[in-house]
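# Could you work out the structure for the sequence below:
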Amino acid sequence: QVQLVESGGGLVQAGGSLRLSCAASGRTLSSYAMGWFRQAPGKEREFVAAINWNGSNTRYADSVKGRFTISRDNVKNTLYLQMNSLKVEDTAVYYCAANPGFYYSPSVSEKTYNYWGQGTQVTVSS
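From the prediction side, this is the model:
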């Protein structure tokens, strides 16, 4: 069982930056691919970014490519999402999730992620 806790959300002006963290406990993250997803009010949850078990491969949604960077520190058992050039449309609750497996290409489908954090709110003002 893996417990995930997100932090780092908040209110920021458009064009600003935030860094989200996802701390894991219960098991080491080194055998899991990790992902970030988000859900805006009135919308379905969507994929943001994913990273494979050792950090050698990442995938991004087109809407965040070039602005967001996913990374991980398996020693600290922590996942990160650096968000730059934030836009109003990035406003959402951001969730981290864990997908067991040593796949080279991390999944973008939330159905493959077994463990989820409680989410952290990111609000971008104009």
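# alpha carbons only for contacts and neighbour counts from here, please
Fine.
# dump the residue contacts of the residue nearest the centre of the chain.
Nearest to the centroid of the C-alpha atoms of the chain, with distances taken as CA atoms, centre = their mean, sits W36, at 2.3 Å. Counting by CA atoms under 8 Å, 6 or more residues apart in numbering, W36 makes contact with 47-50, 81, 94-97.
# The helix or strand where it lies pairs with which strands, parallel or anti?
Taking DSSP states H and E as the criterion, W36 maps to strand 32-39. Here strand 32-39 is paired, per DSSP bridges, with strand 46-51 (antiparallel), strand 92-100 (antiparallel).
# Quick check: beta-bridge partners of the residue nearest to the centre of the chain?
As for beta bridges, W36 partners with A49, C96 under DSSP bridges.
# Tell me the spacing between it and S126.
Per CA to CA, to the nearest Å, W36 is found 24 Å from S126.
# same question, V2
As judged by CA to CA, V2 and S126 stand 37 Å apart.
# Tell me which of those two has more neighbours.
V2 (16 against 11; other CA atoms under 10 Å).
# just to revisit the earlier point, make a markdown table from the strands paired with strand 32-39 and add distance to R72, mean pLDDT and mean neighbour count to it.
Shown next, in a markdown table, are the strands paired with strand 32-39 (distance: least, CA to CA, whole Å; pLDDT from 0 to 100; neighbours: other CA atoms under 10 Å):
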| stretch | distance to R72 | mean pLDDT | mean neighbour count |
| --- | --- | --- | --- |
| strand 46-51 | 8 | 98 | 25 |
| strand 92-100 | 12 | 96 | 24 |
